[in-house]
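Engineer: take this sequence and fold it.
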Amino acid sequence: MNPLKAELDLLAARIRRTVLYSFYHLGFGHLGGSLSISDALAVLYGGIMKIDPAAPADENRDFMVYSKGHSGPGLYAALAVKGYFPMELLETMNMPGTTIPSHCNRLLTPGVDMTTGSLGQGVSLAMGMAAGCKVQNRDNRVYLITGDGECQEGQVWEAAMFAAQHKLDNLTMLVDYNKKQLDGYLDDICSLGNLEDKFRAFGWNVFNIDGHDTMAIWRALSDCRQVKEQPSVILLNTIKAKDCSFAEGVLYNHHMTFTTEQLDDAMAVLDKKINALEILMEKEAHGHV
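Structural biologist: Modelled structure (predicted):
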């Protein structure tokens, strides 16, 4: 296996396990979208983004706008695994007085660059951040993660026009394209049609890839950095609640209730995957593969 792929797949598995761990004390939460985006988060925080967990407010960092803020547990898991805050803090998620609220809040959580949750607004905020960096001649990049259901918001398309008009080539948008939203399938509620053609028509550079293939994500994000005078969007074809034994394949897995036994079983499956990847990487390091 490609060493980089093994490293990124391992990070994605750890992020997924950490997502489940963060729900352990609650027994409910926004599970589906937190897990479908884990591979992209692994690539972003595993080498693509310019970050420093020891200095989360470094003015030279790349910015993350996690517009689908209800899936905050996915981002929190990535930040915890990367060392932005102690893992044990996740045990307080969504509890009174916590610094890890249900939706992302930049005033509370280290590593969160923008408060989000009201769908569509994070997209406009990301455009403003990218435009601001341009005006100031800064080389920070802005990464924006949205849900596909979120793309039903008119504000998203107003922002898309703005980004193309102002040639925001320092902006990369990643759409968690799992084809589902809170109460069912996109096509049954408000179809987006051909999302790739839509973004191209709005003047964007578009990638349409397997959202669980870490190397495909790595290549697309790397290619985005070479694009000039166009914003880029990566459509991540994903599976909602990916790699969760009790939730993947369930119709209504946007927000779920679950038992500790279900979480234990799902985490055990991920532990086996993590262990197998660790063994593989160790063998490769010693030239046994």
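Engineer: specify the local secondary structure of the residue nearest to Ala241 when sequence neighbours are not counted.
Structural biologist: Spatially, and ignoring its direct neighbours in sequence, Ala241 is nearest to Ala247 (3.7 Å; Cβ to Cβ, 6 or more residues apart in numbering). Glycine gets a C-beta too; all of them are placed from N, C-alpha and C. Here Ala247 is coil, with the state taken from DSSP: H, G, I helix; E, B strand; the rest coil.
Engineer: mind starting the numbering at 142 from now?
Structural biologist: With 142 as the first residue, the last one maps to Ala388.
Engineer: what about Ala388, distance to Ala407?
Structural biologist: Noted for Ala388: a distance of 8 Å to Ala407, by Cβ to Cβ, to the nearest Å.
Engineer: Arg341 against Val347, yeah?
Structural biologist: Yes. Using Cβ atoms under 8 Å, Arg341 is in contact with Val347, at 5.4 Å.
Engineer: of those two, who's got more company?
Structural biologist: Higher neighbour count among Arg341 and Val347: Val347, with 19 against 13, using other Cβ atoms under 10 Å.
Engineer: which helix or strand contains that one?
Structural biologist: Val347 is part of strand 346-351, with elements assigned from DSSP states H and E.
Engineer: so which of Ala388 and Ala407 has more stuff around it?
Structural biologist: The neighbour comparison of Ala388 against Ala407 (other Cβ under 10 Å) goes to Ala407, with 24 against 21.
Engineer: so that one is in which element?
Structural biologist: With DSSP H and E as the test, Ala407 turns up in helix 401-426.
Engineer: for that helix, packing partners?
Structural biologist: helix 144-164 (3 or more Cβ pairs under 8 Å, 6 or more residues apart in numbering; DSSP states H and E).
Engineer: how far off centre is the helix it packs on?
Structural biologist: 12 Å (Cα atoms, centre = their mean, to the nearest Å).
Engineer: report the next helix or strand after that helix in sequence order.
Structural biologist: Downstream of helix 144-164, the next assigned helix or strand under DSSP H and E is strand 169-170.
Engineer: that next one pairs with which strands, parallel or anti?
Structural biologist: Paired with strand 169-170 in the same sheet, following DSSP bridges, are strand 397-398 (antiparallel).
Engineer: no further queries at this time; thank you.
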